[in-house]
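> prediction below, plus the sequence it came from.
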Amino acid sequence: MSILYCAIPHFATALARRKDPNLTGRPLALIGPEERVFGVSAEVTAYGIAPGLSARIAKVRCPQIILLDADIVHCRSESEAFLQLLELASPVVEPHGWGAAYVDLGDLARHHADAVSLCKEIGRKMRRELGEILQPALGWNSTKFTALAAAKRTQPGHLMAIASAREQAFLRPLPVTLLPLGEDSLRRLGFLGLRTLGQYAALPPAAVWQQFGRSGWLAHCCARGKDDRPVVPRSQQRYLKVAYALENPLAERERLLALLQRLVGPLSVELKEDRQACGQIRLTVHFADYTAQERVRILPLPTAEESYIVRMLECLLEQMHWQAGATALEVGLERLQDAATDQLTFFPTKTTRERKLYEVQEYLKARFGANRLRQAVLSQPAAPLPEWRVAWLEEEP
């Protein structure tokens, strides 16, 4: 295979800065539904601010941060334009979050030299059409994971093409946080002292499967450069669907929600095992008067978390017009894509001492619970009294 990974770093905030150049270089976060962070700029990632964090906690961690309402409709239209530009180069384009996608170049670029030439031309076209501030970082390889890793190790406006001959040497020193693993698995690797892809790749495959299951085995293949996952175009994106017929019509929302949670649970587990996330939820309710209603929710951030999916289904239930009791439920998880991995940083954000303290903190959280830990932050440096200058930051559940 010949795969290009094309990603515009910090896509949502880059769009905001293109609209208002005065925001360039300033710490910025966009706030989406439920007062949660939707997008962040590079300047705030060192404070531990990432999508999904509450706006209140983001302000505490970085008092000088600028919080703006996210224009999700605009982000969606620009992301569509981004994908359409890539589809002009190749019809096989697989979205991977906002402003990022895999492109299967197929016979257009089988060899390293041809790939470099074609990828550079795609990058120049993206820059011309979307603007200088939205220029992408590009990575190329014969596998999806290595192409992604290459793009995350280069600057916007540049290409890193990894030939098969030096793939192992490229992957070996990279951090394990790049692997398609969940937070719990990454924490366990940290406790075991496994920090790099080379260390993880050296583990016996059978032991990896026993300890981390299917997702761990998939990550192990990626760390060894053996990722054989194909690029799936949008027209062929898979989806998960489940239906349940009720013996008697039911109108009690709490009982319906409990049923939906039972239906979603196995789907969430399947997504996590495959290290995938859904970007759209579809709920269909059939009623006793032989009518049916369907509601769709496009998620601001793709997820596989059961609790969040159930919360969105509850919102969809509230939108239904109830004339009779429900006789059947259908849930569809759509727009499935590979789960996003952590963004690599080009410069260290923690000293050796801070990293050791962080590891101790993660160990204590895993053993005793996050609600036992609090962190002191300088929230009001100019306050007249010392006790007013410091706030205690509690870990979110």
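Good, I have the coordinates. Everything quoted here is computed from the prediction, not taken from an experiment. Numbers count the residues shown, from 1 in each chain.
> show me where the chain has its helices.
11-19, 55-61, 72-89, 112-130, 144-152, 167-171, 183-191, 197-201, 205-223, 253-273, 306-318, 352-368, 386-389 (DSSP state H).
> what average pLDDT does the shortest one get?
Helix 386-389 carries an average pLDDT of 64.
> one more: the fifth one?
Per-residue pLDDT over helix 144-152 has a mean of 92.
> got the contact list for that helix?
3-7, 96, 102, 136-141, 160-162, 167, 170-171, 174, 178, 180, 222, 225, 227, 229, 231, 338, 341, 343-344 (C-beta atoms under 8 Å, 6 or more residues apart in numbering). Just so you know, the C-beta spots here come from the backbone N, C-alpha and C atoms, and that holds for glycine as well.
> now a PyMOL select for only the buried ones of those residues.
Command for PyMOL, covering only those of the contacts of helix 144-152 found buried under the criterion 16 or more other C-beta atoms under 10 Å:
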select buried, resi 3+4+5+6+7+96+102+136+137+138+139+140+141+160+161+162+167+170+171+174+178+180+222+225+227+229+231+338+341
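> filter the contacts of helix 144-152 down to just the ones in strands.
Of those, the ones assigned to strands by DSSP state E are 3-7, 102, 137-141, 160-161, 338.
> would TSV of these with pLDDT and distance to Leu299 be doable?
Formatted as TSV, these follow (pLDDT from 0 to 100; distance: C-beta to C-beta, whole Å):
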residue	pLDDT	distance to Leu299
Ile3	91	26
Leu4	93	26
Tyr5	94	22
Cys6	94	22
Ala7	92	19
Tyr102	94	20
Ala137	93	24
Leu138	93	27
Gly139	92	26
Trp140	91	29
Asn141	88	29
Met160	92	30
Ala161	90	33
Asp338	83	15
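> from these, which single one is nearest Tyr308?
Distance to Tyr308 across these (C-beta to C-beta) is lowest for Asp338, with 17.9 Å.
> who touches that closest one in this structure?
94, 96, 144, 180, 229, 275-277.
> now do His112
His112 neighbours (C-beta under 8 Å, 6+ apart): 161, 163.
> which residue is the nearest non-sequential neighbour of the residue minimising distance to the centre of the chain?
Nearest residue to the geometric centre of the chain (C-alpha atoms, centre = their mean): Ala340, 3.3 Å. The shortest distance from Ala340 to any non-neighbouring residue, by C-beta to C-beta, 6 or more residues apart in numbering, is to Gly97 (4.8 Å).
> tell me, how many residues neighbour the one you found?
By other C-beta atoms under 10 Å, the residues close to Gly97 number 19.
> same question for Ala100.
What Ala100 shows, counting by other C-beta under 10 Å, is a neighbour count of 24.
> cool, Glu94 as well?
24.
> that one contacts Val232, correct?
Yes: between Glu94 and Val232 a contact is recorded at 5.0 Å, counting by C-beta atoms under 8 Å.
> which residues touch Pro156?
Contacts of Pro156 (C-beta under 8 Å, 6+ apart): 8-9, 135-137.
> of those residues, closest to Asp107?
For the contacts of Pro156, the nearest to Asp107 is Pro136 (22.9 Å; C-beta to C-beta).
> you'd agree the closest one is up against Cys6?
Yes: taking contacts as C-beta under 8 Å, Pro136 lies within contact range of Cys6: 4.8 Å.
> starting from His74, give me the distance back to the residue nearest to Ala340.
16 Å (C-beta to C-beta, to the nearest Å).
> state the mean pLDDT of stretch 179-197.
84.
> could you give me the buried positions within it?
179-182, 185-190, 194, 196-197.
> dump those into a markdown table; add distance to Ala391 as well.
Compiled in a markdown table, those are given as follows (distance: C-beta to C-beta, whole Å):
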| residue | distance to Ala391 |
| --- | --- |
| Leu179 | 34 |
| Pro180 | 35 |
| Leu181 | 33 |
| Gly182 | 30 |
| Ser185 | 32 |
| Leu186 | 28 |
| Arg187 | 26 |
| Arg188 | 31 |
| Leu189 | 32 |
| Gly190 | 28 |
| Leu194 | 35 |
| Thr196 | 36 |
| Leu197 | 38 |
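> farthest-separated two in the residues you listed?
Gly182 and Thr196 (18.7 Å).
> ok, Leu186 - contacts?
Counting by C-beta under 8 Å, 6+ apart, Leu186 makes contact with 176-177, 179.
> now the residue nearest to Ala340. Its backbone dihedrals?
phi 80, psi -170 (degrees, to the nearest 10).
> that one and Leu299 touch, don't they?
No: Gly97 is not in contact with Leu299 according to C-beta under 8 Å; the separation is 11.1 Å.
> on that earlier part again, could the contacts of Asp338 be laid out in a markdown table, adding distance to Tyr290?
Output for the contacts of Asp338, formatted as a markdown table (distance: C-beta to C-beta, whole Å):
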| residue | distance to Tyr290 |
| --- | --- |
| Glu94 | 40 |
| His96 | 42 |
| Lys144 | 46 |
| Pro180 | 44 |
| Arg229 | 43 |
| Arg275 | 41 |
| Gln276 | 36 |
| Ala277 | 35 |
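> excluding chain neighbours, what is closest to Leu4?
Val103 (4.3 Å).
> pick the one among the contacts of Pro156 closest to Val360.
Using C-beta to C-beta, those come closest to Val360 at Pro9, 30.8 Å.
> roughly how far apart are the residue lying closest to the closest one once chain neighbours are set aside and Val360?
Spatial nearest neighbour of Pro9, chain neighbours left out: Pro156 (5.7 Å); criterion: C-beta to C-beta, 6+ apart. The gap separating Pro156 from Val360 is 35 Å, by C-beta to C-beta.
> one more: Tyr308?
Where Val360 is concerned, Tyr308 sits at a distance of 30 Å (C-beta to C-beta).
> what does Leu138 give?
Taken as C-beta to C-beta, the span from Leu138 to Val360 is 38 Å.
> how does the chain divide into domains?
Per automatic domain parsing, the structural domains of the chain span 7-134, 175-223, 237-338, 352-394.
> quick check: Lys120 touching Leu159?
Yes: in this structure, Lys120 is within contact of Leu159 by C-beta under 8 Å, at 5.9 Å.
> so for those two, which residues contact both of them?
Leu138.
> out of the two, which sits in the more crowded spot?
Leu159 (20 against 14).
> was I right about Arg234 contacting Glu94?
Yes: between Arg234 and Glu94 there is a contact under C-beta under 8 Å: 7.4 Å.
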